[in-house]
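Peer 1: sequence first, predicted model second:
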Amino acid sequence: MPNSLANLFGPVGHESVADTIVHHIEELIVSGVLKDGTRLPSERALAEEMKVSRPKVREALKRLEENGLIIVRHGEGNFVAPLVGSAMSPALVDLYARHVTAFEDYLEFRREQESFAAMLAAERATEEDREILRDIVHELEVAHEKGDAEASRDADVRFHAAIVDASHNSLMVHTMAAIYQLMARNVFYNRDFLRAIDGTGEMLMAQHKAIADAIISGQPELASDAASDHIDFVARSFRVGRAQDRREIVSRRRKALLSLRA
């Protein structure tokens with residue numbers, strides 16, 4: 001952990017130590033490296049890696065808390081505060097879940113944002129970003145081969161979030177983090193349903209690999225198109241599934257009516 005902390009925080013100068021610490025952590029939050037709910041290292045670990053005294057770290061953390069950027073949970077540590085908030089209130093989530101047009105709006109929003117994010121990622125991704133994508137694609141492949149739905153769902157969410165991170169657009173990083181919270185909770189997105197439409201999940205796997213390959217190889221237009229195609233597949237699958245549900249409801253009612261006549 002200390003080595004990774006050195007890469008993340010690093011030493012600071014001593015002109016105005018507390019101010020420098022505050023500024024550095026603020027930059028990590030603005031850039032999306034530190035996101036809502038991220039736990040910060042302990043005061044001791046921060047002091048060691050930044051090569052400053054613990055009182056200076058404590059002073060900086062106090063300022064960040066006063067500015068509403070971190071929250072202190074006694075006995076647990078310091079965490080990045082909920083800056084973006086939830087994408088929607090629970091009541092609105094329930095309302096959207098009952099109305100088909102809301103889901104279509106959600107997909108429309110994701111299509112444009114993820115297509116743009118994939119394009120930027122293909123242009124801006126660092127080798128570390130590409131390595132993260134390769135690792136997650138490998139996780140998706142392993143989960144797919146094992147038929148592990150939970151692992152697939154988790155890797156799926158992290159895959160899309162990693163692409164947005166690789167866009168290096170801080171506003172998009174924070175905004176989409178709230179949207180992906182809904183994915184993680186299986187709101188507006190049911191991967192099991194998509195696998196049922198696909199049959200085996202092969203198409204989903206191929207789509208994710210196509211997006212990743214385009215980003216890793218630095219092809220912005222191809223990455224953008226691949227991301228759009230993926231969301232289009234989700235939208236088509238949703239419409240096919242709804243149509244099938246309606247047919248099954250009609251068939252059950254017809255069967256029930258026939259049984260009454262018998």
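Peer 2: Cool, the structure landed.
Peer 1: please count neighbours and contacts with C-alpha atoms only from this point.
Peer 2: OK.
Peer 1: so where is the stretch 51-200 of the chain shaky, pLDDT-wise?
Peer 2: Low-confidence segments of the stretch 51-200 of the chain (pLDDT under 70): 84-100, 182-200.
Peer 1: helices along that one, start to end?
Peer 2: 54-66, 90-97, 100-124, 127-146, 149-167, 170-184, 191-198 (DSSP state H, counting those that start in this stretch).
Peer 1: so what's Ser42 up against?
Peer 2: Gly77, Asn78 (C-alpha atoms under 8 Å, 6 or more residues apart in numbering).
Peer 1: picking up where we left off before, okay, the helices of the stretch 51-200 of the chain in a markdown table with mean neighbour count and distance to Leu40 next?
Peer 2: Below are these laid out as a markdown table (neighbours: other C-alpha atoms under 10 Å; distance: least, C-alpha to C-alpha, whole Å):
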| stretch | mean neighbour count | distance to Leu40 |
| --- | --- | --- |
| helix 54-66 | 18 | 10 |
| helix 90-97 | 13 | 28 |
| helix 100-124 | 20 | 27 |
| helix 127-146 | 17 | 21 |
| helix 149-167 | 21 | 19 |
| helix 170-184 | 18 | 18 |
| helix 191-198 | 16 | 32 |
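Peer 1: how about those helices, which one is nearest Leu34?
Peer 2: Evaluated over the helices of the stretch 51-200 of the chain, closeness to Leu34 peaks at helix 170-184, with 9.8 Å, by C-alpha to C-alpha.
Peer 1: for Ser237, which of the helices of the stretch 51-200 of the chain is the nearest?
Peer 2: Judging the helices of the stretch 51-200 of the chain by C-alpha to C-alpha, what sits closest to Ser237 is helix 191-198, at 6.3 Å.
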